[in-house]
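Enquirer: task: produce atomic coordinates for the following.
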Amino acid sequence: MNDPSTSKASDAYLATATATLVAKRWALAISIALFGGFCALVPFARVPMPRIEAFIPIYDSTFALNNLLTAGGLAVGFRRSRLWAVLVLAGGYLFTSLIALLHMGTFPGLFSSTGLLGAGPQTSAWLDAFRHGAFPLFVIWYVLLKPRETASGQSQTDMRAHVRLTAVGAIAGVSFLALLATAGQQFLPQIVNDDSYTTTMIAVSVPVLLLGFIALAVLGARRQHSALDLWMMVVLCAWVFDVTLSTVINAGRFDIGFYSGRLYGMFAASVVPIVLIVEAARLYGRLDEARAIEEERNAELARSREELAQAQRLEAIGQLTGGVAHDFNNLLTVVIGNLELIARSGGDAAKIERLAQSAMKAARRGEHLVRQLLTYARRQINHPQTVNLNQLITNVENLMHRVIGEQIEVVSLLSPVLAPVEIDPAQFEAAILNLVINSRDAMAGGGRITIETRNVTVNQQRAANDPEITPGPYVMIAVSDSGTGMSQAVLSRAFDPFFTTKEAGKGSGLGLSQVYGFAKTAGGHVMIYSELGIGTTVKLYLPQSSDRPILLKSSVDTASLPSASGRGTILVVEDDEDVLAVTAESLTELGYRVVTAVNAAQALEILRGDQPIDLLFSDVIIPGGTNGAQLAVTARHVRPNLKVLLTSGYTAAALSLEHGLADNLNVVGKPYQRDELAKKLRLAIGG
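Expert: Now for the predicted structure:
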């Protein structure tokens, strides 16, 4: 019955919500209707009516239930508003509910001739008088207590204890009055004779009626009324009409005044429960509105986050493009400059050798930069093997010492029971070297690098806190240093490509990006812990493998293979004319006969001819709608004994995802060196 359009969102409960104009109009209209009904019933109050035996149990049980529900609702309201006055009012409703049940049990002729619990002929009448007189006292207590308090700071546990204490107090008060009306009834004057009231009833009822008027006056005298105050005034109006009709102006029980007074009492007991229900519906409506607003805000926040993520992606792409262009321009400057100098060298062999070595060095730096980019993008050549990481770390220890120098100590804490993992060994070694080099650069004056391995298990709770990692068993590799550490601003950008705190020319900014890309390609995760002045720890989490680790063979076996004196005919398929020309010339210098094709159709036409071909050497990505692997399958249908070697700038995950190829292809990566290509060819032809 409150107007939701005018009530404040901060109004937490009826006892604190200011009564609205709409609610006041409703209360006034109801009070006028109650008064009109009262005036119409006054002339007929003494008219006798038949005794309806079921009326008392129906009335008292319903009356008690309504008051009990109101007491519960007000107790909940006390926990919301934390106002002791609300708890006092809840105690008054509980008291009234309990005494109504006692009135029903002790009413003469209902369950026994004099009533239960040792009741006498006056017991139920006195209990009814106590009920009518006590409730206004609780309302007066409520009114006097409310202005003197603010919201209590009690904890929820303390508040539950006070609610229980109030219930105990109400039960104790009812028990005392019940004992007085039963065992002590000889001390009370006679107020009823059979079903008729004595003159003493008037002397008892008038003070009770005055208490109702006093409570109504005290409540109405308040300057500002809450919603609960307003409806309690309606309750008291009905309560006064109940007392007047049922005990003051009527003749006794079961006349029109008695029945109509009880109906007014029932209405008084029903007002607050109805208001609480309406208030609950209003709160649910406000909750629905709040949830709708929250959902709209969440959607707007999601859109904002997506726009921010898109802006960050564009910024990262721009940074990546700028970084790549800058580094490659530098490298191309070196390559082009040296080649121009070679062209004008006039046949000076020593000068040509020096310039060629300089150009080759720049080209190798470009190759390394491309591999870092592919690793960051997780499109690098990937040759996963099940290995023991302790062995790999041991294999690169000598190289690490050469890279970091003698002034930095390296401590290895390797778990003796380390589980195997399935990774590309070369990429892991590159990641470890990148981490060690970063640690070296952070300790200009010397220090200690600690490399630790151990088996760990990521549980559901940890995975819930970090959505980038899935629960399960992992092998953890930690590289720690005692360097300068990183600030939070630097730490937040540590994995960004081309982001570096080193001087210009001292680093590409792709070291940690390569580590991140390697970890993600392996199905793992990487985390950084750093504090300024203390140091940095980078932890790699790689999934454990159930396969048996292999013993990595030394590269001496393949290195011992001769790279010259190749024999046989090779069909080279490459759509880039410059690459095709340099590859054909290199293979010719190695002693092979070379046949070339620029697409799959031309290659198949050659294979269907009579020219002998020993090996098909094809780029994986070629024009014409057929990739190198598909060409190899078709070529072997034409020539079943044909050997195949493929080449690509990236394979594995990239080729598997984008072209549906197997990740175990025999592939030589671009750019390939002459000696590396020669060894791969001899192995392929020999196999």
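Enquirer: hey, where'd the strands end up in the protein?
Expert: 192-193, 196-197, 385-387, 408-414, 421-423, 447-458, 472-481, 525-531, 535-543, 569-573, 593-597, 615-619, 643-648, 667-669 (DSSP state E).
Enquirer: what is the orientation angle of the longest one with strand 525-531?
Expert: Put plainly, it is strand 447-458. Comparing the axes of strand 447-458 and strand 525-531 via axes from the mean of the first three to the mean of the last three Cα atoms, to 10 degrees yields an angle of 130 degrees.
Enquirer: could the strands of the chain be laid out in a markdown table, adding mean neighbour count?
Expert: Heads up, the C-betas are built off the backbone N, CA and C, glycines and all. Compiled in a markdown table, the strands of the chain are given as follows (neighbours: other Cβ atoms under 10 Å):
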| stretch | mean neighbour count |
| --- | --- |
| strand 192-193 | 18 |
| strand 196-197 | 18 |
| strand 385-387 | 17 |
| strand 408-414 | 14 |
| strand 421-423 | 24 |
| strand 447-458 | 17 |
| strand 472-481 | 21 |
| strand 525-531 | 18 |
| strand 535-543 | 22 |
| strand 569-573 | 22 |
| strand 593-597 | 19 |
| strand 615-619 | 24 |
| strand 643-648 | 22 |
| strand 667-669 | 20 |
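Enquirer: columns distance to residue 678 and mean pLDDT on top of these, output as CSV?
Expert: Below are those laid out as CSV (distance: least, Cβ to Cβ, whole Å; pLDDT from 0 to 100):
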stretch, distance to residue 678, mean pLDDT
strand 192-193, 123, 88
strand 196-197, 125, 90
strand 385-387, 24, 85
strand 408-414, 36, 85
strand 421-423, 28, 88
strand 447-458, 36, 88
strand 472-481, 35, 89
strand 525-531, 37, 84
strand 535-543, 34, 88
strand 569-573, 11, 92
strand 593-597, 13, 91
strand 615-619, 12, 90
strand 643-648, 11, 85
strand 667-669, 11, 74
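Enquirer: what's the closest of the ones you listed to residue 306?
Expert: Smallest distance to residue 306 across those (Cβ to Cβ): 24.0 Å, for strand 525-531.
Enquirer: quick one: contacts of the closest one?
Expert: Strand 525-531 is contacted by residues 466, 468-469, 485-486, 491, 494-495, 512, 515-516, 519, 536-541 when judged by Cβ atoms under 8 Å, 6 or more residues apart in numbering.
Enquirer: also stretch 302-310?
Expert: Residues from elsewhere that reach stretch 302-310 (Cβ under 8 Å, 6+ apart): none.
Enquirer: ditto for stretch 160-174
Expert: 75, 78-79, 87-88, 90-91, 94-95, 98-99, 102, 134, 154.
Enquirer: 10 Å - rerun?
Expert: By Cβ atoms under 10 Å, 6 or more residues apart in numbering, the list of residues contacting stretch 160-174 from outside reads 71-72, 74-76, 78-79, 84, 87-88, 90-102, 127, 130-131, 134, 138, 152, 154-155.
Enquirer: in helices, which of these appear?
Expert: Using DSSP state H, the subset of these located in helices is 71-72, 74-76, 78-79, 84, 87-88, 90-102, 127, 130-131, 134, 138.
Enquirer: and the gap between residue 438 and residue 536?
Expert: Going from residue 438 to residue 536 by Cβ to Cβ, to the nearest Å gives 8 Å.
Enquirer: next: residue 546.
Expert: For residue 546, the distance to residue 536 - Cβ to Cβ - is 33 Å.
Enquirer: what segments of the stretch 1-150 of the chain are helices?
Expert: Secondary structure of the stretch 1-150 of the chain, counting by DSSP state H, counting those that start in this stretch: helices at 21-41, 55-81, 84-106, 123-145.
Enquirer: turn these into TSV, including mean neighbour count.
Expert: Converted to TSV, the helices of the stretch 1-150 of the chain look like this (neighbours: other Cβ under 10 Å):
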stretch	mean neighbour count
helix 21-41	15
helix 55-81	20
helix 84-106	24
helix 123-145	23
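Enquirer: mind putting these into CSV with distance to residue 207 and mean pLDDT?
Expert: What follows is the helices of the stretch 1-150 of the chain, written out as CSV (distance: least, Cβ to Cβ, whole Å; pLDDT from 0 to 100):
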stretch, distance to residue 207, mean pLDDT
helix 21-41, 20, 93
helix 55-81, 22, 90
helix 84-106, 18, 92
helix 123-145, 7, 91
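Enquirer: quick one: closest of these to residue 454.
Expert: That would be helix 55-81 among the helices of the stretch 1-150 of the chain, by Cβ to Cβ, at 50.9 Å.
Enquirer: packing partners of the closest one?
Expert: helix 84-106, helix 123-145, helix 156-182, helix 227-243, helix 256-343 (3 or more Cβ pairs under 10 Å, 6 or more residues apart in numbering; DSSP states H and E).
Enquirer: in CSV: these, plus distance to residue 424.
Expert: Below are those laid out as CSV (distance: least, Cβ to Cβ, whole Å):
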stretch, distance to residue 424
helix 84-106, 70
helix 123-145, 77
helix 156-182, 58
helix 227-243, 72
helix 256-343, 23
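Enquirer: wait, what's in contact with the spatially most distant residue from the centre of the chain?
Expert: Relative to the centre of the chain, the most outlying C-alpha is that of residue 199, 73.3 Å out, by Cα atoms, centre = their mean. Residue 199 is in contact with 190-191, counting by Cβ under 10 Å, 6+ apart.
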